[in-house]
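# Okay, sequence plus prediction incoming.
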Amino acid sequence: MIYTITLNPSVDYVVQVNQLNLGELNKVENAMKYPGGKGINVSRVLHELEYDTTALGFLGGFTGNFIAEALDNKGIETNFTPIQDDTRINIKLKSGTETEINGRGPEILANEADHLLHQLDNVTSHDTVILSGSWPPSLTKNFQQQMIERISASGATFVIDTTGNALKSALPYRPLLVKPNKEELADLFGVTLSSKHDVMHYGTKLLDLGAQHAIVSMAGEGALLFTEKGIYHGSTPTGETKNSVGAGDSMIAGFTGTFRKTRDVMEAFRMSLASGSATAFSNDLAMAGDIFSLREKIDITRISK
Ligand SMILES: Nc1ncnc2c1ncn2[C@@H]1O[C@H](COP(=O)(O)OP(=O)(O)OP(=O)(O)O)[C@@H](O)[C@H]1O
Ligand SMILES: O=P(O)(O)OC[C@@]1(O)O[C@H](CO)[C@@H](O)[C@@H]1O
């Protein structure tokens, strides 16, 4: 089973406004609500690719009910920890460019946090656990560490997609994959990445610090894969960009599902690139048919040992 953990899910309220005028009344052209949060997106794409997945995390209130129902309607297995507070709403404003306004997240009570930790006692060495996204501010600082220690003790494979110190402190636990984008990589090391060489230098550090594989995603410029055998660049196919929300999550789903099935890192990278671009070219997350057709259009080049 591939478990995803979304500590801070969201209803993604995607609003299109043709011409945004700040300080004035703006009329919505089109609006959609999606079950969001990084781990939930990963589960949605894994399910689309027919991998067994269960979404875990905290859900509460009317917004939580919306997410639970939307995932249930798609046939996605979930085992969320119920919370008293409302799950957040994140606004994705499309008006020529994309502007995001993400909520901080609900209050998590101590007994709710404990419930999720105890769920991890059911994870076994046959499972993969993907920890994705931010966490609500009321969770204690060492909650992530407690989760990772339980996952590691179970022998399960784990993948982590978070940022800053939370990401750095997870690296010694040897995650199968980390996937910062270029800006997140720069923030992680407190540097400016002004050349491909810089990205290669700091991407390699992710392996030195413990990651088994690292993907540094670069939106329309594709991604770099770092492995102990070398560094590779993966291209993006041409297409019309409609939505970048969830492109990174789709990459994680494509890589993790494929690697778990095939143990083939390069095929996993190819499917991660296809999944990321298929989402970028869709209004919602990627569909399997698009992922498989884009897979054929991706070039992977080895750029360093
Ligand atoms: N405009 C685009 N055209 C083609 N492919 C894209 C585009 N944007 C993203 N992708 C694909 O998706 C991958 C992930 O995108 P990106 O680097 O934006 O991740 P991210 O910042 O983690 O995204 P998010 O947080 O919005 O999910 C890229 O490496 C690329 O393969
Ligand atoms: O606040 P976080 O957890 O970092 O990001 C949350 C979020 O922006 O990430 C997803 C896209 O990757 C969206 O579904 C969601 O709204």
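Received the coordinates, thanks. Ligands and ions are numbered 1, 2, ... in the order given.
# So which residues of the stretch 51-200 of the chain form helices?
Assigned by DSSP state H, counting those that start in this stretch, the helices in the stretch 51-200 of the chain fall at 61-73, 110-119, 143-154, 164-170, 182-189, 196-208.
# helices or strands up against the second one?
The reference is to helix 110-119. Here helix 110-119 touches strand 53-60, strand 81-83, helix 143-154, going by 3 or more CB pairs under 8 Å, 6 or more residues apart in numbering; DSSP states H and E. The way it works is simple: take the backbone N, C-alpha and C, and place the C-beta from them, glycine included.
# Contact partners for the spatially most central residue of the chain?
With distances taken as CA atoms, centre = their mean, the residue of the chain nearest its centroid is Asp249 (3.1 Å). With contact set as CB atoms under 8 Å, 6 or more residues apart in numbering, Asp249 has these partners: 38-39, 41-42, 45, 132, 161, 279, 285.
# give me the element the residue lying closest to it once chain neighbours are set aside is part of.
Among residues not flanking Asp249 along the chain, Asn41 sits closest, at 3.6 Å (CB to CB, 6 or more residues apart in numbering). Secondary structure assignment for Asn41, by DSSP states H and E: helix 38-48.
# show me what contacts the residue of the stretch 51-200 of the chain found nearest ligand 2?
In the stretch 51-200 of the chain, the residue that lies nearest ligand 2 is Gly133 (2.9 Å; CB to the nearest ligand atom). Going by CB under 8 Å, 6+ apart, Gly133 touches 6-8, 37-39, 161-162.
# can you list the residues of this protein near ligand 2?
Residues of the chain found near ligand 2 (CB under 6 Å from any ligand atom) are 8, 10, 12, 36-38, 41, 90, 102, 133-134, 245-246, 248-249.
# filter the residues you listed down to the ones near ligand 1?
By CB under 6 Å from any ligand atom, the members of the residues of the chain next to ligand 2 lying near ligand 1 are 245-246, 248-249.
# and the angle from the strand or helix carrying Ile252 to strand 53-60?
Under the criterion of DSSP H and E, Ile252 resides in helix 247-262. Using axes from the mean of the first three to the mean of the last three CA atoms, to 10 degrees, the direction of helix 247-262 lies 140 degrees away from that of strand 53-60.
# for the following helix or strand past helix 247-262, packing partners?
Reading on from helix 247-262 to the C-terminus, the next helix or strand found by DSSP H and E is helix 265-280. Using 3+ CB pairs under 8 Å, 6+ apart, the elements in contact with helix 265-280 are strand 214-217, strand 223-227, strand 230-234, helix 247-262, helix 288-295, strand 300-304.
# Having no further points to raise, I will conclude here.
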